[in-house]
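Asks: no FASTA, just this:
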């Protein structure tokens, strides 16, 4: 039996010299029993373990049962780990030898070394690593997790990770279910111990036992706060670069607009035109003003610093707006085409970012056609099966696709494969940063979309942007696109604050002709004085933001001190988003974008004036 087992059975005399060793020694060390009998045990050890071995022998000879682990050198010169379990043999009180068992533990040691290496690696990396059971209860976190989230280990072990780090509204169950089906990755907002919210990129996977049953979930989270900040700075830089690219065309178009307004206004002033021609002149002025206002709004859309704001977007409208802008600003040697899928579904997207992504592609297309060519904007619907041929991870049933197709110089395959690399540019030195398409790629990632490029040297390029279709009810869409009828006039009293004399005269005439009583002020100080004197009869204040002396925002704050319930509507050609948000939180009753139409002013002011009445009606109905 001794000679059949895999472990090595041995005997040694009182000096540690082998007197018997079982045949398994050849499998373990390469030495046959005859080659080991008569030799001391230490002769076969790795020299660094000899001192440890001698300590164990002394303990055994003093009558102690001892187990220890060593590394031996095999006959072929390789190292193997063994566990030595030995006990002394006595004849009466006299020690006559040692008897024991040697077990090969090399594979176990390798596993321990691997686990130890992985443990030290996990502890030292900067990513947050967590291990949870199948109920999402935490069983392990590394040091980076504790440092970034601000917890002590004893505060979170055994707790449900969803209750500790995820903010309200996170798709906790979705992540758990997706992980159990395979792997999951994406961006989420998490929360630290002190309540600070921050963005992470999370990757999760499942750990299985030997027979394939899931036993644990592993999550690796990377704090992407700095990455997001740099992306925003890069995007902002791209916006400003785009404005610089378009500045010449914009200036030219603005001069045309001003020329139209000046010319028709002069004709109206100097000539007594017949009624039809008079109406045509007025219509031309209105059209020119609308063109100018649209151009300003597009510039502000690109220039302003805002967070990502997803809204319902019809990409046909977005494509048409972009094409209209390009026609006004790109060289006339480029012709434009529009191919529109009429029944295109809506998407949820940030309008500014999508504009920027498409503009970056179009600017590259323009530069690829120095001698002219055609640029086509196309929209279409793509099914999951179609897009999965290019992007196997696409998981939505339907995608809305917008394509930019040019007849320019195109690119070779090597360039096409690298076009989204930061700082890659094929333009002359000083004429490109190489960041445009990198930004576009980042925008598509933010929108969980895909981008595909087809190009051939000398035969143009096609960029296709695929966006997941939003699950939006028709009722919601209608509510976003349909305007309710309104009553323009009223009998209330309105204080109008505006430093442009022609503009304040127009607003006064508009309001008085619709039944309102009007007080006027030409600057902030006068506005506060007038309101102080007539606060009991003034129902609403309509103020410009850019007033001399005291700004419209400061006027609003001073009026709130006089009457906390004052209704103030503000107007501006442009207002910083942060300032706008703060004023709305403080109680401002909305904003009107300049230049404004008479109908827009009447509608907005009527809405604000009627706000209290609507609330009273709803409250009365509730009580009843």
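Replies: Happy to help now that I have it. Bear in mind that the values here come from a model prediction, so they are computed numbers and not experimental data.

Asks: rest of the way, CA atoms for contacts and neighbours
Replies: Fine.

Asks: A helix includes residue 317, no?
Replies: Yes - when the secondary structure is assigned by DSSP: H, G, I helix; E, B strand; the rest coil, residue 317 falls within a helix.

Asks: ok, how many other residues are close to it?
Replies: By the criterion of other Cα atoms under 10 Å, residue 317 has 11 neighbours.

Asks: tell me the secondary structure for residue 369?
Replies: Following three-state DSSP, the label given to residue 369 is coil.

Asks: do the same with residue 439
Replies: Classification of residue 439 into helix, strand or coil gives helix, according to three-state DSSP.

Asks: That one contacts residue 357, correct?
Replies: Yes - in this structure, residue 439 is within contact of residue 357 by Cα atoms under 8 Å, at 7.0 Å.

Asks: which residues sit in contact with residue 80?
Replies: Residues in contact with residue 80 (Cα atoms under 8 Å, 6 or more residues apart in numbering) are 28-29, 71-74, 104-106.

Asks: That one sits in which helix or strand?
Replies: Secondary-structure element containing residue 80, defined by DSSP states H and E: strand 79-91.

Asks: quick one on the thing from earlier: now render the contacts of residue 80 as JSON lines, adding secondary structure, pLDDT and neighbour count.
Replies: JSON lines is the format used below for these (DSSP: H, G, I helix; E, B strand; the rest coil; pLDDT from 0 to 100; neighbours: other Cα atoms under 10 Å):
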{"residue": "28", "secondary structure": "helix", "pLDDT": "92", "neighbour count": "21"}
{"residue": "29", "secondary structure": "helix", "pLDDT": "92", "neighbour count": "19"}
{"residue": "71", "secondary structure": "strand", "pLDDT": "91", "neighbour count": "21"}
{"residue": "72", "secondary structure": "strand", "pLDDT": "92", "neighbour count": "21"}
{"residue": "73", "secondary structure": "strand", "pLDDT": "92", "neighbour count": "17"}
{"residue": "74", "secondary structure": "coil", "pLDDT": "93", "neighbour count": "18"}
{"residue": "104", "secondary structure": "strand", "pLDDT": "92", "neighbour count": "20"}
{"residue": "105", "secondary structure": "coil", "pLDDT": "89", "neighbour count": "15"}
{"residue": "106", "secondary structure": "helix", "pLDDT": "88", "neighbour count": "15"}
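
Asks: Compile the residues you listed into JSON lines and extend it with columns for distance to residue 141.
Replies: As requested, the contacts of residue 80 are exported to JSON lines (distance: Cα to Cα, whole Å):
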{"residue": "28", "distance to residue 141": "39"}
{"residue": "29", "distance to residue 141": "41"}
{"residue": "71", "distance to residue 141": "33"}
{"residue": "72", "distance to residue 141": "37"}
{"residue": "73", "distance to residue 141": "39"}
{"residue": "74", "distance to residue 141": "40"}
{"residue": "104", "distance to residue 141": "33"}
{"residue": "105", "distance to residue 141": "30"}
{"residue": "106", "distance to residue 141": "29"}
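
Asks: Note down every partner strand of the strand holding residue 80 and its orientation.
Replies: With DSSP bridges as the test, strand 79-91 is paired with strand 66-73 (antiparallel), strand 94-104 (antiparallel).

Asks: now those in CSV, with distance to residue 36?
Replies: Formatted as CSV, the entries for the strands paired with strand 79-91 read as follows, by distance: least, Cα to Cα, whole Å:
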stretch, distance to residue 36
strand 66-73, 13
strand 94-104, 14
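
Asks: which stretch among the ones you listed comes nearest residue 192?
Replies: When the strands paired with strand 79-91 are ranked by distance to residue 192, counting by Cα to Cα, first place goes to strand 66-73 at 44.9 Å.
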